[in-house]
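>>> Sequence below, structure please.
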Amino acid sequence: MPLSRIDDVLTRRLPAACQRVFDVARLREVARLDPQPGGSEFLPLVLDTFGSSLTQHQGHVQAAQRDRNGQQLCQIVHTLKTSALGVGALRLGDCAARLDASLKALSCSAASVVQLQALVVELLQEVDFALKAVSALVHELKGQDELGHGTVSRPGGLRRRAG
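All right, here's what the predicted structure looks like:
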């Protein structure tokens, strides 16, 4: 799918779940970083990787919260902040940045995990929103071939062009 098709998805057919999560301008920038100009797999690959890391980080945040491990939570939240902002998940990145700064202001202590419980819950909600948005956007991007036709699954996992 050329960049024009990616732009079409991002401007005209952006799934509703993505509208509150992603900054379209940043997604375009990421798509343009494709080492193979005109390539179609880079943005979906980046988003798939981001989604996989979100799932892992979500479990780590929950474990750090449960164990009241402020140091672990600090590390995870900082990583989430950086990766979210990198792909344009601005609400998640902003939430992680607020939690990161608050944890550091409290020396990433065990007590800070308890004190900042509401922010941790907000962060986990933003992770959920981002996971849904990643799934919807990757599905939309991969559901189009280079000619803009949808693809249809065939028995045995083979795919063919629709229409």
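>>> tell me the mean pLDDT over stretch 58-72?
Mean per-residue pLDDT for stretch 58-72: 97.
>>> Alpha carbons of that stretch, in CSV - could you do that?
Output for stretch 58-72, consisting of C-alpha atoms alone and laid out as CSV, is shown next (Å, rounded to 0.1, in the frame of the first residue of the first chain):
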residue,chain,number,x,y,z
GLN,A,58,0.3,-3.6,31.0
GLY,A,59,1.1,-6.9,32.9
HIS,A,60,4.3,-5.3,34.3
VAL,A,61,2.4,-2.2,35.5
GLN,A,62,-0.2,-4.4,37.2
ALA,A,63,2.5,-6.5,38.9
ALA,A,64,4.4,-3.4,40.1
GLN,A,65,1.1,-1.9,41.4
ARG,A,66,0.2,-5.2,43.2
ASP,A,67,3.7,-5.5,44.7
ARG,A,68,4.0,-1.8,45.4
ASN,A,69,7.3,-1.7,43.5
GLY,A,70,7.9,1.9,42.8
GLN,A,71,11.3,1.4,41.1
GLN,A,72,9.8,-1.1,38.6
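>>> which of the residues in that stretch are buried?
By neighbour count, with 16 or more other Cβ atoms under 10 Å as the criterion, the buried positions of stretch 58-72 are 58, 60-61, 64-65, 69-70, 72. For glycine as for every other residue, the C-beta is placed from the backbone atoms N, C-alpha and C.
>>> now the residues you listed in JSON lines, with secondary structure and distance to L85?
Written out in JSON lines, the entries for those read as follows (DSSP: H, G, I helix; E, B strand; the rest coil; distance: Cβ to Cβ, whole Å):
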{"residue": "Q58", "secondary structure": "helix", "distance to L85": "17"}
{"residue": "H60", "secondary structure": "helix", "distance to L85": "19"}
{"residue": "V61", "secondary structure": "helix", "distance to L85": "17"}
{"residue": "A64", "secondary structure": "helix", "distance to L85": "21"}
{"residue": "Q65", "secondary structure": "helix", "distance to L85": "22"}
{"residue": "N69", "secondary structure": "coil", "distance to L85": "24"}
{"residue": "G70", "secondary structure": "helix", "distance to L85": "22"}
{"residue": "Q72", "secondary structure": "helix", "distance to L85": "21"}
